[in-house]
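> below is the sequence, then the predicted model.
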Amino acid sequence: MLSHYNWKKILGAAVVTGLFFTACKKLDEGFLSDGLYVPDAPITIQRGLAFQKTEAILPDGSTRPITFELLDVRRADTKKHADEFFKEYPVYVYTAAIDPAKDTTIEQVNKKRELKNMKPFTFLASGQWIFNGATDSLPLGVTYEYDIRVTNVAGTKEYKNIATLTTADPPLVSETTTGCNFFPDDGSPTIGMGAMEMKISRIKESGATVILKITDKDGKPFNPKNGEIIKRGDRPTFESYSRFHPVEYTDTSMICNFEIAPFPIAKYSSGGTNFNYLIYYRIPSTFATVDKSLTTKIGSVNPLFAFRLMKAGTYLVEIRLPKTTRISK
C-alpha cells in the first residue's frame, strides 16, 4: 500500500512540474505567411494618368495589423536600381475641378492648379501603389521588379521580387465618330456620302496640341484661313472645345492648344441639346465638287466627326472626305 501511494505522489508532482514549465515557456505570437501576394500583379502603370491606385496586398492569413514597406525598385532587364523611379518631375496638381463652361481662360485654370515636383508614386503601408501624372516621365514599355519588407506581431520578413510593374500608355483616343452628307444648293433632300476616313497620329509626346486637317479624297487640304471650311449653323465646331486658347488658322489646318487632357475635356451642350463631342463643318460648293456617281447636283459637303484624346501630346488629326474634290482658287 505504501509503495502504491508513493507512486501516485511522484506522478502528481511530475504533472505539476510539467505544467509549471509549460506556463513559463513563451508561446509564439501571430503568424506571418510566406505566401502573401499582390492580387493585380503584374501591375501596369498607365503613364500620365493623374491618379491610379492598385489593390492592397493579400496577407494569406497573416496576423493583422500588418504593414508593408518598399525596399527597392529595379529594372527587370538590368537588375539595377531604377533611379528614374525615385526622381521628382514637374507635374500639375489640381486643387479644384476645371469647369470648361466657367473656366475659359488660362488665367482661370491656373488659379486651380499648381506645378509641383513629385515622385511618380506613393507606396502605402497597405502595400498599395498610388501613381500620379509624373509617371509620364518614366520610359515606355519598361518592366520593373520590387522588394518589400513586411511587419506584424510575428516579426519581420523581406520579400524579393514580390511583383512586377510595367509602364504603358493608356488608350490615346476614344469616342471616335465620323459621318458626311451632301446638301444640294437647290434645297432638295440630303444625300449620304458614306464613311469618312479619320486618321489620328501622336507625332510628339510633348505639348498639348491638335493639328486638324480636312482634306479631299486625294489628300489635298481645304484652306480654313480662306473660308473653305465654315461653321454649320448653331452646331459645335473645333473652337467649341478649345476653351483656354484661341484656335490658330493656317492655309492647311486648324491648330488648338488644348492645355489639359483629356481633350475635349467635357461634352458640349447648347440650347438643351447634348452634342457629346461632335464637331460639324461645311465645305461650300464654291470650293468642292463631288463624284458624278453620287450626284450631278451642286451643293456643299458637310462632315461631322468626334474624337477624344486621353493624354497630352502633339496630335495630327486628318479627316479625308469621301467622293470629294477640292476646287483650287
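Noted; the coordinates are in hand. Residues are numbered from 1 along each chain as shown.
> which of the three states applies to the closest residue to Asp186 other than its chain neighbours?
Once flanking residues are discounted, Asp186 sits nearest to Lys297: 6.7 Å by Cβ to Cβ, 6 or more residues apart in numbering. No exception for glycine: its C-beta is placed from N, CA and C like everyone else's. Classification of Lys297 using DSSP: H, G, I helix; E, B strand; the rest coil returns coil.
> Lys297 contacts Pro189, doesn't it?
No. Under the criterion of Cβ atoms under 8 Å, Lys297 is not in contact with Pro189, lying 10.3 Å apart.
> from one end of stretch 234-248 to the other, what's the distance?
21 Å (Cα to Cα, to the nearest Å).
> how does the protein divide into domains?
43-168, 173-326 (automatic domain parsing).
> among these, which is nearest Ser33?
Nearest of the domains of the chain to Ser33, taken as Cβ to Cβ: domain 43-168 at 4.0 Å.
> return the distance of the closest one from the chain's centre.
14 Å (Cα atoms, centre = their mean, to the nearest Å).
> repeat for stretch 309-326
Its chain's C-alpha centre and that of stretch 309-326 lie 21 Å apart, by Cα atoms, centre = their mean.
> for it, C-alpha coordinates in PDB please.
Taking Å, rounded to 0.1, in the frame of the first residue of the first chain, the C-alpha atoms of stretch 309-326 are listed here in PDB:
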ATOM      1  CA  LEU A 309      -7.600  62.400 -76.900                       C
ATOM      2  CA  MET A 310      -7.000  60.900 -73.500                       C
ATOM      3  CA  LYS A 311      -3.400  62.000 -73.000                       C
ATOM      4  CA  ALA A 312      -1.300  65.100 -73.600                       C
ATOM      5  CA  GLY A 313       0.900  65.300 -76.600                       C
ATOM      6  CA  THR A 314       1.000  66.700 -80.100                       C
ATOM      7  CA  TYR A 315      -1.500  65.100 -82.500                       C
ATOM      8  CA  LEU A 316      -2.200  65.300 -86.200                       C
ATOM      9  CA  VAL A 317      -5.900  64.600 -86.900                       C
ATOM     10  CA  GLU A 318      -6.600  64.100 -90.600                       C
ATOM     11  CA  ILE A 319     -10.200  63.900 -91.900                       C
ATOM     12  CA  ARG A 320     -10.500  62.700 -95.600                       C
ATOM     13  CA  LEU A 321     -13.800  63.500 -97.300                       C
ATOM     14  CA  PRO A 322     -15.200  60.700 -99.500                       C
ATOM     15  CA  LYS A 323     -16.100  61.300-103.100                       C
ATOM     16  CA  THR A 324     -15.000  65.000-102.800                       C
ATOM     17  CA  THR A 325     -12.500  67.000-104.900                       C
ATOM     18  CA  ARG A 326     -11.200  70.400-103.800                       C
END
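> would you list the phi and psi of the closest residue to Arg282 other than its chain neighbours?
Leaving aside its chain neighbours, Arg282 sits nearest to Arg232 (4.6 Å; criterion: Cβ to Cβ, 6+ apart). When read as degrees, to the nearest 10, the backbone of Arg232 gives phi -110, psi 90.
> Tyr280 is in contact with Arg232, correct?
Yes. Between Arg232 and Tyr280 there is a contact at 4.3 Å, judged by Cβ under 8 Å.
> those two: who's more crowded?
Taking other Cβ atoms under 10 Å, Arg232 and Tyr280 do not tie; Tyr280 has more neighbours (20 against 17).
> now do the contacts for that one.
231-233, 235-237, 302-304 (Cβ atoms under 8 Å, 6 or more residues apart in numbering).
> strands of the stretch 1-150 of the chain, start to end?
43-46, 52-53, 67-75, 89-94, 113-118, 121-123, 129-131, 143-152 (DSSP state E, counting those that start in this stretch).
> pLDDT of the fourth one, averaged?
Think strand 89-94. In this model, strand 89-94 has a mean pLDDT of 94.
> what are the boundaries of the helices in the stretch 151-300 of the chain?
Remark: helices assigned in the stretch 151-300 of the chain by DSSP state H, counting those that start in this stretch are 238-241.
> show me what the lengthiest strand in the chain is packed up against.
Identified as the longest strand of the chain according to DSSP state E is strand 155-168. Judged by 3 or more Cβ pairs under 8 Å, 6 or more residues apart in numbering; DSSP states H and E, strand 155-168 is in contact with strand 43-46, strand 143-152.
> switch the ones you listed over to CSV; also include mean neighbour count and mean pLDDT.
Formatted as CSV, those follow (neighbours: other Cβ atoms under 10 Å; pLDDT from 0 to 100):
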stretch, mean neighbour count, mean pLDDT
strand 43-46, 18, 98
strand 143-152, 18, 98
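> still on that earlier bit, find residues that contact each of Arg232 and Tyr280.
Joint contacts of Arg232 and Tyr280 (Cβ under 8 Å, 6+ apart) are Asn302.
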